[in-house]
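Visitor: 3D, please:
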Amino acid sequence: VLIRECDEAQNYIDEANRNFERVFSYMPEDGSNYEGCTYWRYGGTWLFIYAHLLKVQEGIDWFAESMYLKNTFYYRLYQSCGDLAQQMNFGDTHDRYSSHVPCVYYKTAAEYRDGYAQTVGDLVLDEFLEKEARLSKVKPGIMPEAVFEFLWYDPFVKKKQLEELPTARYFEDLGLMSIRSDWGRDAKVLTMKCSSPGGNKQWRIGWEIEKNENIHMLSLAHHHPDNLSYIFSHGSEFFTCEDGYNRNVMPDNHNVLLVDGQFMDERDTNDVYMSSVRKRQQEGVFNPDEYTAHVLSHIMDDTLVLYRAETTKMYPKSLEMLEASRLLITDGLKFWVFVDILRSQIPHQYTVICNTEHGGQIEQHETVYPMATGDIHYTVLSDHPICFTQYQQNIRGVMTIQEPDKVCRVSIQTVAASSKKKTKNQIFFECFTFEGMDPIIKQRDNMLEITVEEKSYQICISDFNTGDSPTEINLNVFGQQEKHYFV
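Guide: Predicted coordinates:
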């Protein structure tokens with residue numbers, strides 16, 4: 001706009017080009033966003049706006065070059081709740097709306113002839129617009145962004161039915177697995193993730209830039225310390241409860257594995273990842289490669305999904321952990337099972353956390369949660385004696401320091417299953433089943449068998465090794481076909 005009136009305009013344009021050439025090259029190819037869906041739509045929209053300006057004004061086409069721009073619609077789609085209106089709220093997400101941006105959907109549709117993006121854009125405007133505008137706390141919000149819908153909508157993109165898409169998708173950079181029972185509006189949705197802080201690519205590049213250019217670029221307050229955590233919803237109803245916008249994150253604010261009540265080096269701060277890094281740096285030599293988490297394997301075989309990840313190196317070194325891994329097993333979300341393995345060179349009390357929207361009733365090893373969409377039964381079994389505690393967590397977070405009166409409040413109902421006595425090694429089996437499915441659950445030592453409908457799933461855990469390599473797990477599925485998996 002000012003190129004003919006301002007002598008410095010071209011300098012600013014050139015500098016922006018150089019900056020965004022780096023930005024687009026650093027974005028994850030899978031389209032994921034470590035900050036969660038709210039910041040995805042808040043900040044990510046501007047990447048589309050700038051890419052559009054470059055394309056129409058200078059002929060530079062980042063839509064053709066950037067895999068992030070091509071794939072990021074699917075990150076948002078697969079992080080949708082069953083009803084598609086709300087989102088699975090990992091990270092700093094102050095509400096479960098504030099995450100639809102139809103202009104981005106339409107731009108994706110136009111650039112890539114993507115009929116699925118066209119379908120979701122129409123869906124938001126036809127059905128979700130009023131609620132998104134009223135409930136979203138993101139500014140300026142969905143209504144002022146309508147100008148971009150006008151500019152970017154291409155009526156010649158043919159819509160496609162979402163039912164044509166797979167019901168599970170894996171996002172490698174964030175270690176994010178997202179699973180739907182189907183694409184109906186009453187679908188069950190389960191999502192779980194595990195990665196290096198800020199995502200694997202950012203973690204690697206961030207330290208390379210610090211080493212080579214002395215630029216300290218890693219600030220990860222919006223990435224909650226939630227490796228191995230999960231979110232589940234059914235239709236419009238949420239079973240799990242995330243902590244929302246939290247500036248004082250505690251270890252049990254997420255559905256994670258605790259060791260003597262600890263998860264990371266620091267707690268009660270907003271940027272737990274980098275605060276923990278600074279603490280380790282003060283205590284001695286810090287190696288980014290030794291402060292990571294990994295997805296060990298993921299298998300999607302028809303409706304069966306297996307996902308295994310570990311976050312061993314993220315625990316304080318003084319705990320001397322050898323393994324902290326979780327395996328997810330589900331088949332069409334008729335049930336799901338976590339196999340949690342915790343091993344250390346010294347004894348600990350281990351704890352698995354289940355944070356939910358509403359409280360449940362504990363009876364022996366089972367907690368029953370009343371749900372409008374059908375009660376959920378949460379059964380925890382172990383190879384060592386365990387005890388249960390139940391309590392409420394109240395989270396209060398200031399959304400912006402410029403407006404300290406604007407706060408996000410969340411109440412979390414927590415069930416914690418813990419070792420009765422300290423031990424070096426322990427296995428937890430967490431079984432989530434649904435009312436009316438009549439599952440049969442049998443457990444002995446390091447084996448669990450769950451039968452749902454006409455299929456049986458037999459989980460066998462190998463003997464513990466003495467090193468830090470993950471313990472071997474075998475899954476045998478018995479039904480019309482017999483299948484065997486090693487994870």
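Visitor: where do the strands sit along the stretch 151-300 of the chain?
Guide: Assigned strands in the stretch 151-300 of the chain, in chain order: 168-171, 176-180, 188-193, 230-234, 237-238, 257-259, 294-301 (criterion: DSSP state E, counting those that start in this stretch).
Visitor: for residue 153, which of these is the nearest?
Guide: strand 168-171 (25.7 Å; Cβ to Cβ). Where C-beta positions appear, they are placed from N, C-alpha and C, glycine not excepted.
Visitor: alpha carbons of that closest one, in PDB - could you do that?
Guide: Provided in PDB are the C-alpha atoms of strand 168-171 (Å, rounded to 0.1, in the frame of the first residue of the first chain):
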ATOM      1  CA  ALA A 168      -8.000 -42.100  12.800                       C
ATOM      2  CA  ARG A 169      -5.000 -39.900  11.900                       C
ATOM      3  CA  TYR A 170      -1.500 -39.500  13.400                       C
ATOM      4  CA  PHE A 171       0.400 -36.300  13.400                       C
END
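Visitor: and it, what does it pack onto?
Guide: helix 67-78, strand 176-180, strand 294-301 (3 or more Cβ pairs under 8 Å, 6 or more residues apart in numbering; DSSP states H and E).
Visitor: can we see that at 7 Å?
Guide: helix 67-78, strand 176-180 (3 or more Cβ pairs under 7 Å, 6 or more residues apart in numbering; DSSP states H and E).
Visitor: looking at those, which is closest to residue 153?
Guide: helix 67-78 (14.8 Å).
Visitor: what average pLDDT does the helix or strand following the closest one get?
Guide: Next along the chain after helix 67-78, taking DSSP states H and E as the criterion, comes helix 102-112. In this model, helix 102-112 has a mean pLDDT of 98.
Visitor: helix 102-112 to helix 67-78, inter-axis angle?
Guide: 130 degrees (axes from the mean of the first three to the mean of the last three Cα atoms, to 10 degrees).
Visitor: how confident was the prediction at the most centrally placed residue in the chain?
Guide: Centroid-nearest residue in the chain: residue 193, 4.4 Å away (criterion: Cα atoms, centre = their mean). Note for residue 193: predicted pLDDT of 97.
Visitor: can you check residue 409 too?
Guide: The model's pLDDT for residue 409 equals 89.
Visitor: what is it paired to in the beta sheet?
Guide: residue 396 (DSSP bridges).
Visitor: residues near it, how many?
Guide: 11 (other Cβ atoms under 10 Å).
Visitor: just residue 446 next, same as before
Guide: 18.
Visitor: shouldn't it be in contact with residue 461?
Guide: Yes - the pair residue 446 / residue 461 is scored as a contact, 4.1 Å apart, by Cβ atoms under 7 Å.
Visitor: quickly list what's touching both of those two.
Guide: residue 427 (Cβ atoms under 7 Å, 6 or more residues apart in numbering).
Visitor: residue 326 bridge partners, please.
Guide: With DSSP bridges as the rule, residue 326 is bridged to residue 309, residue 340.
Visitor: please verify my assumption that it contacts residue 338.
Guide: Yes - in this structure residue 326 lies within contact range of residue 338 using Cβ under 7 Å: 5.5 Å.
Visitor: pull the contacting residues for the closest residue to residue 251 other than its chain neighbours.
Guide: If the residues on either side of it in the chain are set aside, residue 251 comes closest to residue 263, at 4.0 Å by Cβ to Cβ, 6 or more residues apart in numbering. Residues in contact with residue 263 (Cβ under 7 Å, 6+ apart) are 225, 251, 256.
Visitor: neighbours of the first one, how many?
Guide: Look at residue 225: counted by other Cβ under 10 Å, it has 24 neighbours.
Visitor: tell me the contacts of the nearest residue to it once chain neighbours are set aside?
Guide: Ranked by Cβ to Cβ, 6+ apart and with sequence neighbours excluded, the top spatial neighbour of residue 225 is residue 272, at 4.4 Å. Residues near residue 272 by Cβ under 7 Å, 6+ apart: 225, 249, 264, 266.
Visitor: can you pull out the helices in this protein?
Guide: 9-26, 37-58, 62-65, 67-78, 102-112, 115-123, 129-135, 146-152, 200-213, 272-283 (DSSP state H).
Visitor: now the longest one and helix 9-26, what's the angle there?
Guide: This points to helix 37-58. Using the same axes, to 10 degrees: helix 37-58 against helix 9-26 is 130 degrees.
Visitor: helices and strands around helix 37-58, which ones?
Guide: helix 62-65, helix 67-78, helix 102-112.
Visitor: any idea of the mean pLDDT for it?
Guide: The model assigns helix 37-58 a mean pLDDT of 94.
Visitor: and that helix, what's buried?
Guide: Across helix 37-58, burial judged by 16 or more other Cβ atoms under 10 Å covers 37-42, 44-45, 47-52, 54.
Visitor: repeat for the shortest one
Guide: Buried positions in helix 62-65, judged by neighbour count with 16+ other Cβ under 10 Å: 62-63.
Visitor: what is it packed up against?
Guide: Packing partners of helix 62-65 (3+ Cβ pairs under 7 Å, 6+ apart): helix 37-58.
Visitor: need the contact partners of the helix it packs on.
Guide: Contacts of helix 37-58 (Cβ under 7 Å, 6+ apart): 20, 33, 60-63, 69, 72, 76, 79, 87, 89, 91-94, 98-101, 104, 107, 138, 222.
Visitor: minimum distance to residue 370: which of the helices and strands packed on strand 168-171 has it?
Guide: Comparing the helices and strands packed on strand 168-171 by Cβ to Cβ, strand 176-180 comes nearest, at 23.3 Å.
Visitor: what pairs with the closest one, parallel or antiparallel?
Guide: Assessed with DSSP bridges, strand 176-180 is paired to strand 168-171 (antiparallel), strand 188-193 (antiparallel).
Visitor: what's it in contact with?
Guide: Here strand 176-180 makes contact (Cβ under 7 Å, 6+ apart) with 32, 78-79, 167-170, 187, 189-193, 298, 305, 307, 330, 333.
Visitor: so that strand versus strand 294-301, what angle?
Guide: Using the same axes, to 10 degrees, strand 176-180 lies at 30 degrees relative to strand 294-301.
Visitor: now strand 176-180 against strand 230-234, angle please.
Guide: Using the same axes, to 10 degrees: strand 176-180 against strand 230-234 is 20 degrees.
Visitor: and residue 182, what does it touch?
Guide: Counted by Cβ under 7 Å, 6+ apart, residue 182 has contacts residue 167.
Visitor: gap between it and residue 82?
Guide: Distance, residue 182 to residue 82, by Cβ to Cβ, to the nearest Å: 9 Å.
Visitor: what is the mean pLDDT for stretch 332-348?
Guide: Rounded mean pLDDT across stretch 332-348 is 98.
Visitor: and that stretch, how far from the chain's centre?
Guide: For stretch 332-348, the separation from the chain centroid amounts to 18 Å (computed by Cα atoms, centre = their mean, to the nearest Å).
Visitor: any buried residues in that stretch, and which?
Guide: 332-344, 348.
Visitor: rewinding a little: please tell me the pLDDT value assigned to the residue nearest to residue 225.
Guide: 96.
Visitor: show me the contacts for residue 145.
Guide: By Cβ under 7 Å, 6+ apart, the contact set of residue 145 is 101, 103.
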